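J.: predicted structure and sequence below. I'll ask about it afterward.
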Amino acid sequence: MGKLLVGVLATVFLVLGLVAVGLSTSLIGGGTPSVQAQRDIPAAYMPLYRAAADSCPGLPWSVLAAIGKVESNHGRSTAPGVTSGANFAGAAGPMQIGIGGKAGNTFAGYAVDADGGGADVYNAADAVFTAANYLCRNGAARGADVARAVFAYNHADWYVSKVLAVASGYAATQGLPPGAPAEEVAAAAVQFAYTQLGHPYRWGATGEEGFYDCSGLVMQAYRAGGQQIPRTSRDQWFSGARVWNVGDMQPGDLVFYAYNLTDPSTIHHVGIYIGAGNMIDAPNRNATVRITPFLRGDFIGAVRPTAA
C-alpha cells in the first residue's frame, strides 16, 4: 500500500493548495458520508472512494461510490467479471472497467497503480482510482460536468439518473440546527451545493427526483445549514446583507444576475459563491448543476444570507 499512501499525502498538499486560493476543505471529496453510506459501503472501500475522489477536485466521492454500488455492489457481486474474467461486454473488476470486446480496453488507457503492485483491474484500489481518473478526464474535473462524466462511463441516461440518485443518498446530511454559527451555516450550504453537482435542471424544482432550478438549489443548500431563505431568486436578493465589494465575498454568499443591472426586479438567476472566483449553480435545462466562474456581464451583486 506504499504507493497509495504517497497518493494520499499528495492529496493533502493539493487540499492545502486549494485552501490557499480560497476553497474550503469541506468541498474536497463532496462531504461527510451519510448513515446510509456508512451502512452500505464496506470499510475497505470507503477510504478508497474518498482518496480517489480527492485526486480529482470536483469529483464528489459519493458519485464514485455510487458507480461502485451500481456496477458490483462494492465488489460483493458474484456476477461474471467482478473477480475474474469479464462480463458479456468485456468489462471487469469491481468498477466494471472495459478490458476488451464491446467495452474496449478502457483500463489500459486510464489505469492507475494505486498500491504499487502493478495496475490490476480486479484490485479494489487500482479499480477505484482508475475509475476516478476516467471520470476526471471525461468531465468531472472541477465539477465541470459530472453528469457527462457518468454518461461517458456508461452511455445510458437511466444509468446517470441511477448513479446520481445513489450518490445523493450517500452524501445526504441531516443539516445544522437553526441558529448555528454563521460560518458553519455558510460552509454547510456550500457543501450541500457541492454534493448536488451533476444533478439535472428543472424549472420550479427544489430537489424532487434530483432536479433543481437555480433558486431551489440555493434554498435547499441553506436549509441544510439550518437557515430558511425565500424560494425565488428575486426574493433571495433581500434575504441578507449586500456585499458591495467583490473582493470581500466569502464562500456561501449568493451571487445574482439580472437583465437590467439597475433594477433588482429583473433578477433571473442566482448561484452560490464557493471562492476562487467560482460559483455552483443550476443554470438551465441544457446543463446540470456545475461549477463555473461567477463574474459575467449580467452580474448585479452579491448577498450574504448569514448577515442581517
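T.: All right, it came through fine.
J.: any idea how far residue 127 is from residue 98?
T.: 12 Å (CB to CB, to the nearest Å). Heads up, the C-betas are built off the backbone N, CA and C, glycines and all.
J.: the more surrounded of the two?
T.: residue 127 (30 against 23; other CB atoms under 10 Å).
J.: doesn't residue 99 make contact with that one?
T.: No: because the distance of 11.0 Å does not satisfy CB atoms under 8 Å, residue 127 is recorded as not touching residue 99.
J.: which parts of the stretch 201-308 of the chain are strands?
T.: For the stretch 201-308 of the chain, the strands defined by DSSP state E, counting those that start in this stretch occupy 241-243, 254-258, 267-275, 278-281, 290-293, 299-304.
J.: okay, those strands in JSON lines with mean neighbour count and distance to residue 89 next?
T.: Output for the strands of the stretch 201-308 of the chain, formatted as JSON lines (neighbours: other CB atoms under 10 Å; distance: least, CB to CB, whole Å):
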{"stretch": "strand 241-243", "mean neighbour count": "14", "distance to residue 89": "51"}
{"stretch": "strand 254-258", "mean neighbour count": "23", "distance to residue 89": "44"}
{"stretch": "strand 267-275", "mean neighbour count": "23", "distance to residue 89": "38"}
{"stretch": "strand 278-281", "mean neighbour count": "24", "distance to residue 89": "34"}
{"stretch": "strand 290-293", "mean neighbour count": "19", "distance to residue 89": "30"}
{"stretch": "strand 299-304", "mean neighbour count": "20", "distance to residue 89": "46"}
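J.: and residue 83, which of those is closest to it?
T.: strand 290-293 (36.3 Å; CB to CB).
J.: how far is the closest one from where the chain is centred?
T.: 12 Å (CA atoms, centre = their mean, to the nearest Å).
J.: sheet partners, orientation included, of it?
T.: Paired strands of strand 290-293, with direction, are strand 278-281 (antiparallel) (DSSP bridges).
J.: pLDDT (mean, whole number) over the strand it pairs with?
T.: Per-region confidence: strand 278-281 scores 94 on mean pLDDT.
J.: what does it contact?
T.: For strand 278-281, the surrounding residues in contact (CB atoms under 8 Å, 6 or more residues apart in numbering) are 143, 190, 193-194, 196-197, 214, 217, 255, 269-274, 289-294.
J.: if we use 7 Å, what do you get?
T.: For strand 278-281, the external contacting residues (CB atoms under 7 Å, 6 or more residues apart in numbering) are 193-194, 197, 214, 255, 271-274, 289-294.
J.: find the residues that touch each one of residue 127 and residue 99.
T.: residue 121.
J.: export stretch 108-122 to CSV, keeping only CA atoms.
T.: What follows is stretch 108-122, C-alpha atoms only, in CSV (Å, rounded to 0.1, in the frame of the first residue of the first chain):
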residue,chain,number,x,y,z
ALA,A,108,-5.3,0.3,-20.4
GLY,A,109,-5.8,3.9,-21.3
TYR,A,110,-6.6,5.1,-17.7
ALA,A,111,-5.0,2.6,-15.4
VAL,A,112,-3.7,3.8,-12.1
ASP,A,113,-1.4,1.6,-10.0
ALA,A,114,-2.7,2.8,-6.6
ASP,A,115,-0.9,0.3,-4.3
GLY,A,116,2.4,-0.2,-6.1
GLY,A,117,1.7,-3.8,-7.0
GLY,A,118,1.1,-3.2,-10.7
ALA,A,119,-2.2,-2.0,-12.2
ASP,A,120,-4.8,-4.7,-11.8
VAL,A,121,-8.4,-4.2,-12.8
TYR,A,122,-9.6,-6.7,-10.1
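J.: give me the neighbour count for residue 136.
T.: By other CB under 10 Å, the residues close to residue 136 number 22.
J.: need the contact list for it.
T.: Contacts of residue 136 (CB under 7 Å, 6+ apart): 56, 59.
J.: quick check, it in a helix?
T.: Yes: assigned with DSSP: H, G, I helix; E, B strand; the rest coil, residue 136 falls within a helix.
J.: and the gap between residue 123 and residue 132?
T.: Residue 123 is 14 Å from residue 132, by CB to CB.
J.: just want to know which of these two has more residues nearby.
T.: residue 132 (28 against 18).
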